[in-house]
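> Here is a sequence with its predicted model. Questions after.
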Amino acid sequence: MLRDQPALPLLADLRIGAVDDHPIILAGVSEGLRWHLPGAVVAPVTKTVGDFLATEPAVDVILLDIELRDGSDPADNVRRLTARGWPILLFTQDPRVRLVARTFRAGASGILSKSEDLATIAYAVNLVASGVPYLSSEWAVAVAQDEAWTTPNLAPREVEAVRLYAAGMKLTSVARRLRVSEDTARTYLLRARTKYSQAGRPANTKTDLYIRAVEDGILPTPGSLPDD
């Protein structure tokens, strides 16, 4: 949905969860949202999806940073959270459209840039919490231009195999990390390569696979992760 659609009534006492490892940004957002969403509470706030799930929270919507520093897969993070019935509003500075395509296919309900003003953030949070998807005009144009969403739909184990192998691991090490046989690990990679080929984005070499993994957010952009 574009932000020029009619506004919905504000939800009372909105409970907003957040998974983000940039606490300074979230602190400012949390404080500012109170001016636009009276009664809203931003809690819990955690740095990983696993930590968030461990709190067993009662929330109406979750702000989720796409690229967390724990190396988790963005699409898998969305799946883990939506499986609990929570609507997900992506909150990001990552410009990779194919990465966004993967997270939307996994069930995300909207996306916001961290550079948006507080009024827009409040509007989007209220909208997604109400069950209405949100897509800013800028992201709507970007997605529409993304070669008809040519991101392949990789299974979680295929994603993990690609992540490990494309990052430099040998096949034997990938199999050991995934606790499967070498033949099974090879099958995961072959399936992933086949899906990339069918999407018109061949990944015949390890370098090709690395490039695809970065494009789709399976691996971070080189040099993009800040120091702890």
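Received the coordinates, thanks.
> So F91, which state does it fall into?
strand (DSSP: H, G, I helix; E, B strand; the rest coil).
> how about it, what does it touch?
Contacts here follow C-beta atoms under 8 Å, 6 or more residues apart in numbering; on that basis F91 touches 18, 20, 63-66, 111-112, 114. For the C-beta atoms, the positions are set from N, CA and C on the backbone; glycine is no exception.
> out of those, who's nearest P220?
I66 (10.4 Å; C-beta to C-beta).
> and the contacts of F91, which of them are in strands?
Counting by DSSP state E, the part of the contacts of F91 found in strands is 18, 63-64, 111-112.
> Show me what the longest helix seen in the chain is packed up against.
Taking DSSP state H as the criterion, the chain has its longest helix at helix 182-198. On a contact count with 3 or more C-beta pairs under 8 Å, 6 or more residues apart in numbering; DSSP states H and E, helix 182-198 meets helix 156-166, helix 171-178, helix 206-215.
> try 6 Å this time
The helices and strands touching helix 182-198, judged by 3 or more C-beta pairs under 6 Å, 6 or more residues apart in numbering; DSSP states H and E, are helix 156-166, helix 171-178.
> And that helix, what's buried?
Using 16 or more other C-beta atoms under 10 Å as the test for burial, helix 182-198 gives 185-186, 188-189, 191-193, 195-196.
> Quick one: low-confidence residue ranges for the protein.
1-12, 137-149, 221-228 (pLDDT under 70).
> Please repeat the previous calculation with a cut-off of 50.
Along the chain, the model assigns pLDDT under 50 to residues 1-6, 147, 223, 225-228.
> Now flag whichever of the buried residues of helix 182-198 is closest to G107.
Of all the buried residues of helix 182-198, G107 sits closest to K195, with 19.1 Å by C-beta to C-beta.
> quick one on the thing from earlier: nearest to A83, of the contacts of F91?
If you rank those by distance to A83 using C-beta to C-beta, L64 comes first, at 13.5 Å.
> Quick check: beta-bridge partners of that closest one?
Beta-bridge pairing for L64 (DSSP bridges): V19, L90.
> how does this protein divide into domains?
Following the assignment in automatic domain parsing, the chain carries domains at 15-144, 156-215.
> between those, which gets nearest to T150?
Among the domains of the chain, domain 156-215 comes nearest to T150, with 4.6 Å by C-beta to C-beta.
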